[in-house]
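[1] Generate a structure from the sequence data that follows.
(chains A, B and C, ligands or ions: 2)
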Amino acid sequence: MTATSAVSTLDQVMERWEPVIGLEVHGQLLTQSKMFCGCSADYIGSPPNSNTCPVCLGLPGVLPVMNRVAVEYTVRSALALNCEIPERSKFDRKNYFYPDLPKGYQISQWDMPLSLNGHLTFTVDGAEVRCGITRVHLEEDTGTLQHAGDILQQARSSVVDLNRAGVPLMEIVGEPDLRTPAQAREYLVRLRQILVYIGVNDGNLEQGSFRCDANISLRKHGETGLGVKVEVKNMNSFRAVHRALEYEIVRQGRLLDQGQTIAQETRGWVEAKGATISQRSKEYAHDYRYFPEPDLPPLHLNAEFVDRVRAALPELPQQLAERLQRENGLSAYDAATVTAEREDARAFESLVAAGVPAKAAANWLMGEVARLARESRTPLPGSGLGLEGLASLIKLVEAGTINGSTAKELLEELYLAGGDPAAVVEERGLGQVSDQAELERLVDAVLAENPAAVADFQGGKEQALQRLVGGVMKATRGRADARVVTGLLRDRLAP
Amino acid sequence: MTLARDQVTHVAMLARLGLSDEEVERYRQQLDAILSHVDRLQQVDTSQVGETAQVGGLVNAWREDVRGECLPAEKALANAPKRRGDHFEVGAIQE
Amino acid sequence: MSWETVGELGARLRSGETTPAQLADHARSAIESLASLHPVLRYTGALTEHQAGRAARMLAESPEQAGPLCGIPFAYKDVLCVEGVETSAGSKILEGFIPPYTGTALQRLLDAGAVPVAVTNCDEFAMGSSNENSAFGPVGNPWDPSRVPGGSSGGSAAVVAAGAVPFSLGTDTGGSIRQPASFCGVAGFKPTYGRVSRYGLIAFASSLDQIGPFARSVEDAAHVFTAMAGHDPRDSTTSPLPVEPVATQLARGVAGMRLGVPREYMAEGLEPGVRAAVEAALAQLEKLGATLVEVSLPSTEAALSTYYIIAPAECSANLARMDGVRFGLHVDRQSLTDTYLETRGQGFGPEVKRRIMLGTYALSSGYYDAYYRQAQKVRTLIAEEFDRAFETVDALVCPTSPIVAFPKGDKSDPLSMYLCDVLTLPVNLAGLPGISIPCGLSEGLPVGLQVIGPRLGDAQVLRVARAYEAATAWHTQQPPPLPAASEAFA
Ligand SMILES: [Mg+2]
Ligand SMILES: [Zn+2]
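    Ligands and ions are numbered 1, 2, ... in the order given. Sure thing, here's the model as predicted:
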């Protein structure tokens, strides 16, 4: 193949090169307290260094004590990701100096992690992808740094806040089984969905409670060896992951096309530039000098423990979607959409339980309710209307008491303000005009007022009927059932 | 075995110990002597032996997930040699 | 007053003849008169007053309920954290550090009404066998100020040996309680690993460190041990098993007990005076009805190498937090890396740097298997040999140190200093309880007898030691009076 110019597009690069992508995800666990001390694991919004104690400050003389629930959450996650849980596991010290790491080592897991050998399957463009999961292990989060100046390398000084230091952090190391940015993105979407479903992580990429680093290298199609890999960091949205990987594929592909070699390095995604930039000139290769954490006895998780965690594992999104198709007759598409967010799935199930037909529940949730939730930044359970109100509103439509457009207006009005839809309908007389005699009278009046439309219809212009239906709806201020009106008009105009 | 000077400087950098040239040479000689004594460990047959990291024999020493008290930020920062507001301050991070 | 035991002082407190504040005052002036030995780095000031008042109230409210330590003054090693009192671990890098919390062992003593008076000098971060590694100057031995008191808890041993306080606290990672106890002629007890909480102890080597008492009698050491021992939810390595009551064990004597004498501990290398004193002590124990059995601990020789890999490896990580960011010395440089290098380069003394270097090397890529992993395996062999010995004997008896207190400056070569710990450090590697008690003099200097027990056999160790002590008078030997202050400084 002839080398092309230095401006190959993504597609051109991907024709010549196969990307090999592996993702490493760090997820903070939704425990009450930190991994090794009693400070709150929910540090967001605390004044600097106020969510700390001698243990997470790494003062001389203190000792870690592990959080049982953090261990359980990690095992729960590992089981949801089809991992094996070895009986024996332990913590190790990972040694390096950095100001956000108070002890000069991170308590992490090295050669005996809590879990191994899992996988995650999902579909992209109709094709099933299976990504291996090397391991899921438990460690502690670091503190946070702020730099005077935008760019780390140019900052004259930095400041340290240790509120986050010691928050339980689960690391999910994926195998390099992903081949496209789209697959990487979908892997992350599914992984996040699972963790949120099982209640161990809040899935917030922006605030960094769900973080992703990517390893990416290119190789010739058909080759099995691996190229020099680059680690990409600082991607805090799914979109950023997608864009950063596309960028790297093009960057690396062009270099390789020019016969250059790829430097093994860490690069950071800079959103504003839409580019990755080199972060570290590795003066010293990292040597973390892992060794067993002497302050923490090892873990011995017997089958009973693992079974108990497995038994408490909630239904996973894929299982739920399948069940909704089976039990509620939803289409695959509707089921996937309704189960994308755990809150939506819960709302759907309670609407159905309240007697709302499944299709209607799905349509309302994914349509108008989703829009209002987004616009008002208020999810349904926290809105004034709430689940109960929504159920009653949809039931009014289903019973024919109000029509769709009235319902939409009511939803808009009551979503934040709250109120009982049935009472409002009653009070304002918003109920549909369903009295047959009244409707017939109105139909006759509209026919009399619109002779031209009548003539058009009888002359074969089917659309003219809509003008007549519109007339009746206008006369009822939208409270008539359009189908009934159409039927009446057809009867009257029948030759 | 003989320890090379650049091994000593490499280890000193890993441990973030600023050593003078004389110190590097002194530690090179002393570590060399200690390590050649320690090398007798290699003669012990441990092919059938497991590793001991701890002697207490305990497992699963964990606590319940309960919040405890934090230090007020003022106390957390009381020993800080350099601070800016309620933060610890450090010099420029140039890796 | 100073030579009285905890029991005698307690009786005087209860009779109203003296008060905790008076005892603390006496202790303080006694310590001041030891200035030439430099065993103490600072006084505990307001805390002393506060605790003396608290102890006085406890004694007044219910003298029966107040335990044996209530109102008794003591000193503790400069590696134990007490809220509001400077703790520097004998190091420039921690000079001025004031912990915002109190460690568990100390808290339990405070709750028992004991009255801290002073913080004792020690080897920097407890690394040393002579107390010459303190950043604040060496400590002298009360028996001969030109000689070392042993280390690393030299100051704690010296204040008890000189009669300034009836007990003190030290820490023992490879012999740092037992060896100075031996050199200074007092009782020094290292409990089973995990029996006393390490929370609040500035770590040297986490899998080896234990806090323990110095006292002038085994009974006093037992009182202090009992007050501190037991499970601590803040230290995951403490044993959840209940602490066996010691008091009832102490009086039982050694008749019928089988005591092992490790052949390797009586091998060449023992000073003749030490050998003679220990052999006499063994004969005494036999006379008291114990059966002596020779046992073998073949991995003893490898223990020193094992220890000098594992302890430095752990310390290299434990001391990484001394980085000039949150506490302690900070040498300001423009870049963070230079700040780290200078702060740690200037803040740590030569022995600490040597061990950090050694430990970092042993853990580093390419050397881990040959050094660290191999040391961990040999550690298994050492622990198993002890276990096997305890299948046939109740306790082991042997010298604490092959030598008596040596002159300051005598062991400038690190390796020769490390060899001082050869009879104590295997006990730490196996996590066993061990005590050193005075068993004679060699050329006018104390010799220590070491008693080692099986894991959690703390009461057993104290029982053997007490039986020996009850039958002999070595523990009542006092060092000669110190030269007058003017002479000492001349
Ligand atoms: Mg990690
Ligand atoms: Zn904390």
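
[2] Go ahead and flag the most central residue of chain C.
    C:I177 (2.3 Å; Cα atoms, centre = their mean).

[3] repeat for chain B
    Note: chain B centre (Cα atoms, centre = their mean) maps to B:A15, 6.6 Å.

[4] Make sure it is actually in contact with C:T360.
    Yes: the pair B:A15 / C:T360 is scored as a contact, 4.4 Å apart, by Cβ atoms under 8 Å. All C-beta atoms are positioned from the backbone trio N, CA, C, and that covers glycine.

[5] shared neighbours, these two?
    Each of C:S316 lies in contact with both B:A15 and C:T360 under the rule Cβ atoms under 8 Å, 6 or more residues apart in numbering or on different chains.

[6] Poorly predicted segments of the stretch 51-200 of chain C, please.
    For the stretch 51-200 of chain C, no stretch is flagged by pLDDT under 70.

[7] so where do the strands sit in it?
    Using DSSP state E, counting those that start in this stretch, the strands of the stretch 51-200 of chain C run over C:73-77, C:115-120, C:167-172, C:187-190.

[8] Would you give the sheet partners of the first one, along with the direction of each?
    Paired strands of strand C:73-77, with direction, are strand C:115-120 (parallel), strand C:167-172 (parallel) (DSSP bridges).

[9] Dump these to a markdown table, plus distance to ligand 2 and mean neighbour count.
    Shown next, in a markdown table, are these (distance: least, Cβ to the ion, whole Å; neighbours: other Cβ atoms under 10 Å in any protein chain shown):
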| stretch | distance to ligand 2 | mean neighbour count |
| --- | --- | --- |
| strand C:115-120 | 26 | 29 |
| strand C:167-172 | 24 | 30 |
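
[10] could I get those strands as TSV with distance to A:Q183?
    Output for the strands paired with strand C:73-77, formatted as TSV (distance: least, Cβ to Cβ, whole Å):
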stretch	distance to A:Q183
strand C:115-120	62
strand C:167-172	55
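
[11] Now for the residue in chain B that ligand 2 sits nearest to, how many residues are close by?
    Per Cβ to the ion, B:C70 is where chain B lies closest to ligand 2, at 6.4 Å. Using other Cβ atoms under 10 Å in any protein chain shown, B:C70 is surrounded by 22 other residues.

[12] Same question for B:A73.
    By other Cβ under 10 Å, neighbour count at B:A73 equals 21.

[13] need the contact list for it.
    B:A73 makes contact with A:P47, A:P48, A:N49, A:S50, A:T52, B:D86, according to Cβ under 8 Å, 6+ apart.

[14] ok, of the residues you listed, which come out buried?
    Buried members of those, scored by 16 or more other Cβ atoms under 10 Å in any protein chain shown, are A:P48, A:N49, A:S50, A:T52, B:D86.

[15] What are the buried residues along the longest helix seen in chain A?
    Secondary structure of chain A per DSSP state H: the longest helix is helix A:238-257. Within helix A:238-257, the residues that count as buried by 16+ other Cβ under 10 Å are A:238, A:240-254, A:256-257.

[16] what residues does stretch C:52-60 touch?
    For stretch C:52-60, contacts defined as Cβ under 8 Å, 6+ apart pick out C:13-14, C:19-21, C:23-24, C:65-66, C:70-71, C:110, C:113-115.

[17] Tell me the one of the residues you listed nearest chain A?
    Nearest to chain A among the contacts of stretch C:52-60: C:L110, at 15.8 Å, using Cβ to the nearest Cβ.

[18] from what I can see that closest one touches C:V85, true?
    No: using Cβ under 8 Å, C:L110 is not in contact with C:V85, being 11.4 Å away.

[19] Are there residues contacting both of those two? Which ones?
    Common contact partners of C:L110 and C:V85 (Cβ under 8 Å, 6+ apart): C:P116.

[20] mind listing the helices in the stretch 351-490 of chain C by residue range?
    Assigned by DSSP state H, counting those that start in this stretch, the helices in the stretch 351-490 of chain C fall at C:374-392, C:414-418, C:425-430, C:458-471, C:485-489.

[21] mind checking which of these is nearest C:V224?
    Of all those, helix C:458-471 sits nearest to C:V224, with 11.1 Å by Cβ to Cβ.

[22] sec struct for the residue of chain C found nearest chain A, please.
    Nearest residue of chain C to chain A, counting by Cβ to the nearest Cβ: C:A320, 2.4 Å away. The assignment at C:A320 comes out as helix when based on DSSP: H, G, I helix; E, B strand; the rest coil.

[23] got it, and A:Q146?
    Put simply, A:Q146 is strand when judged by three-state DSSP.

[24] Next, the contact list for it, please.
    A:S158, A:V159, A:D161, B:H87.

[25] Quick check: residues of the stretch 51-200 of chain A near chain B?
    A:51-54, A:57, A:65-71, A:90, A:97, A:99, A:145-147, A:152-153, A:155-162 (Cβ under 8 Å from any Cβ of the partner chain).

[26] Pull out the buried members of those residues.
    Buried members of those, scored by 16+ other Cβ under 10 Å, are A:51-54, A:57, A:65-67, A:69-71, A:90, A:97, A:99, A:145, A:147, A:155, A:157-162.

[27] which ones among those are found in strands?
    Mapping those onto strands (DSSP state E) picks out A:M66, A:N67, A:L145, A:H147, A:S157, A:S158, A:V159, A:V160, A:D161.

[28] Which members of those residues are the farthest-apart pair?
    Greatest spatial distance among those (Cβ to Cβ): A:M66 and A:S157, at 34.5 Å.

[29] The longest helix anywhere in chain B relative to helix C:374-392, how many degrees between them?
    In chain B, assigned by DSSP H, the helix with the most residues is helix B:21-38. Taking axes from the mean of the first three to the mean of the last three Cα atoms, to 10 degrees, one finds helix B:21-38 and helix C:374-392 inclined to each other by 40 degrees.

[30] ok, the residue nearest to A:V160 when sequence neighbours are not counted - contacts?
    Distances taken as Cβ to Cβ, 6 or more residues apart in numbering or on different chains place B:F88 nearest to A:V160, at 4.2 Å, with adjacent residues excluded. With contact taken as Cβ under 8 Å, 6+ apart, B:F88 is in contact with A:N49, A:P99, A:V159, A:V160, A:L162, B:L77, B:A80, B:K82, C:V325, C:R326.

[31] and B:F88, bridged to which residues?
    Beta-bridge partners recorded for B:F88 (DSSP bridges): A:V160, B:R83.

[32] Equivalent analysis for C:N141, please.
    Counting by DSSP bridges, C:N141 forms beta bridges with C:D144.

[33] Please apply the same query to B:W62.
    On the basis of DSSP bridges, B:W62 is bridged to A:M66.

[34] wait, it sits on A:R68?
    Yes: using Cβ under 8 Å, B:W62 is in contact with A:R68, at 4.1 Å.
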